[in-house]
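Colleague: here is the input, now give the coordinates:
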Amino acid sequence: MKIFKSALTGIAFLALAALVAFFTLMPGLLEQQANKIAGDAGSEPDAVSLALHDTLVIADLHADTTLWSRSLLGHADRGHVDIPRMLEGNIALQMFTTVTKSPKGQNYDTNSAESPDVISLLALAQRWPVETRDSLTARALHQASRLEEAAQSSDSFMLVTSKGELNSLLAERARGTQIIGGLLGTEGSHALDGKLANIDTLYEAGFRMMSLQHFFDNKLGGSLHGLSNAGLTVFGEQAVDKMVAKGIMIDVSHSSEQVVLDVLARTTVPLIVSHTGLKGHCDSKRNISDETMHLVAERGGIIGIGFWDAAVCEESIDAIVGALRYGIDTFGLAHIALGSDWDGAITAPIDVANIARLTHGLVRAGFSKREIRAVMGENIVAFFQAHLPD
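Modeller: Below is the predicted model of the structure:
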C-alpha cells in the first residue's frame, strides 16, 4: 500500500510539473517557432539613410502582436514588435490586428472552417479568460484590452481611434515627443460570432478596421484560402453595410477575389489590403490578381506590402523593396504602403527595431525621397486622416 501511495504521489507530482511547464513554457516556445527573424536583412544603414529615416513618419498596416502573451512594454527576446523596439525603429503608427481563429495545418490553398482551431490551444496555454473558450468576439476584446493596458501603462504609446487623436499624436511627434500610436483591427470578421450587433461592440472597444476573412470561409463569405471561392453572403452584405455606416475601414486581405469584387460593387468607400504581395511581382497563391488590385487602387484604396516569403517570394529586404517598386510603378505611389504581418506566424528578415534597413534598401534602390516618405508611412497617415471617424 505504501508503494502504491508513493507511486500515486509521484504521478501527481509529474502531472503538476507537466501542467506548470505547459502554462509557463509553452507560450514562449510556440512563439519562438512561429515568429522568426531570418533571411537577408540587407546591409547596415549608412549615415545618409539613417538621417533620412529619422525624419520619416513610419506606419505599418498589420501586426498580430496582441495574440501573444508577452508584454508590449518590455524589450522581448522573441517575436517582432514591442514598444521599446518600435521606439528604436522610429515607428509612428502601427495597426494591431486580433487573430481569433485559425485552422490547424493552415495553408494558402484550401482550409476548412471545421478544422481544429489552433487559437483555442494557444488561448488555453496563455490562460485567457474563460469566456474566450466559446466566443471569438471575447477573444478579440481580450486582445484589445492588452493594447488598452499598454496605452495606460506607457507614456510612449497611445490608442488612436479618431482623426483628432491621430492629429494630436502627429503634433506631439512634430514637437519631438517619442510616442507611438496603435490602432485596432480584426483578422477576419468571424470575430463577430455571427452577430451584426458585435460590430457595435467591437467599435465601442476601439476597433476601426475590420477584415472580412482569414484562412477559411466564414459567415460573411469566401476566403482566398477556403473551400468555396464564394463572394459575399447575405450576412456579409449586411455586415459590410453596417461597417460602412459606422465608419469602419474594411480590409479585404485573405478575402476571395469574388468577395473583393462584391465589396467594390456594393460600396463606394476605399478599401484596405493590409498585408499582401503583388501577383505580377510574386506569383503566389497568397496574392490576388493585379486586375483586382487595380480596381482597389482606382477606388482610392491602400495596399500594404508584406515582409514574408509567400507575399514577396523571398525572405529578404531586396524582395520587399522590389515589391514596393512594382507596386508604385503598377498601381500608383499613393496606394502603396507597408503591411509587414509582424508577429503573424511568419519569418521576416527584420523586426521593427531594424526597419531602418528597409529605408536603406530603398535609398540604395534609387527611390526618391518623396517615394520613400510615401510608402514608409505618409500614405497610411493620409488614408487614416481621410477615413477615421472625427
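Colleague: can you pull out the strands in the stretch 251-390 of the chain?
Modeller: 272-276, 302-305, 336-338, 347-348 (DSSP state E, counting those that start in this stretch).
Colleague: direction included, what does the last one pair against?
Modeller: Which is strand 347-348. strand 36-37 (parallel) (DSSP bridges).
Colleague: helix or strand for Gly194, which one?
Modeller: Following DSSP states H and E, one finds Gly194 outside all helices and strands.
Colleague: what's the separation between it and Val118?
Modeller: Separation of Gly194 from Val118 (C-beta to C-beta, to the nearest Å) stands at 21 Å. In this view, the C-beta of every residue, glycine as well, is placed from N, C-alpha and C.
Colleague: so these two - more neighbours on which side?
Modeller: Val118 (18 against 14; other C-beta atoms under 10 Å).
Colleague: tell me the pLDDT of that one.
Modeller: For Val118, the pLDDT comes out at 94.
Colleague: show me what contacts it?
Modeller: Val118 makes contacts with Ser102, Pro103, Lys104, Gln106, as judged by C-beta atoms under 8 Å, 6 or more residues apart in numbering.
Colleague: between these, which has the most around it?
Modeller: Most surrounded of those: other C-beta under 10 Å gives Ser102, at 24 neighbours.
Colleague: how far away is that one from Arg139?
Modeller: From Ser102 to Arg139 the distance is 11 Å (C-beta to C-beta).
Colleague: any common contacting residues for these two?
Modeller: Joint contacts of Ser102 and Arg139 (C-beta under 8 Å, 6+ apart) are Ile119.
Colleague: which element is encountered next along the chain beyond the helix or strand where Leu87 lies?
Modeller: Assigned by DSSP H and E, Leu87 belongs to helix 83-89. The first helix or strand that comes after helix 83-89 along the chain, using DSSP H and E, is strand 91-99.
Colleague: what's the most distant pair in the contacts of Val118?
Modeller: Ser102 and Lys104 (8.1 Å; C-beta to C-beta).
Colleague: residues shared between the contacts of the two?
Modeller: Joint contacts of Ser102 and Lys104 (C-beta under 8 Å, 6+ apart) are Asp117, Val118.
Colleague: shaky segments in this protein?
Modeller: 1-28 (pLDDT under 70).
Colleague: could you pull out the helices for the stretch 51-200 of the chain?
Modeller: 83-89, 118-125, 136-153, 163-174, 197-204 (DSSP state H, counting those that start in this stretch).
Colleague: which of those helices sits closest to Ala47?
Modeller: Across the helices of the stretch 51-200 of the chain, closest to Ala47 is helix 83-89 (C-beta to C-beta), at 17.3 Å.
Colleague: now for the closest one, which elements pack on it?
Modeller: Other helices and strands packing on helix 83-89, by 3 or more C-beta pairs under 8 Å, 6 or more residues apart in numbering; DSSP states H and E, are strand 180-187.
Colleague: ok, the strand it packs on: who's next to it in the sheet?
Modeller: strand 91-99 (parallel), strand 157-159 (parallel), strand 207-211 (parallel).
Colleague: I'd like those strands laid out as TSV, including distance to Gly306 and mean neighbour count.
Modeller: Output for these, formatted as TSV (distance: least, C-beta to C-beta, whole Å; neighbours: other C-beta atoms under 10 Å):
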stretch	distance to Gly306	mean neighbour count
strand 91-99	13	26
strand 157-159	24	19
strand 207-211	14	25
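Colleague: who's in contact with the nearest residue to Lys242 once chain neighbours are set aside?
Modeller: Leaving aside its chain neighbours, Lys242 sits nearest to Ile199 (5.1 Å; criterion: C-beta to C-beta, 6 or more residues apart in numbering). Residues in contact with Ile199 (C-beta under 8 Å, 6+ apart) are Leu192, Met210, Ala239, Lys242, Met243, Lys246, Ile248.
Colleague: go on, Leu338?
Modeller: Ile58, Ala59, Asp60, Leu61, Gly304, Ile305, Val375, Met376, Gly377, Ile380.
Colleague: surely the third one and Ile305 touch.
Modeller: It stands for Asp60. No - counting by C-beta atoms under 8 Å, Asp60 sits too far from Ile305 to count as a contact (10.0 Å).
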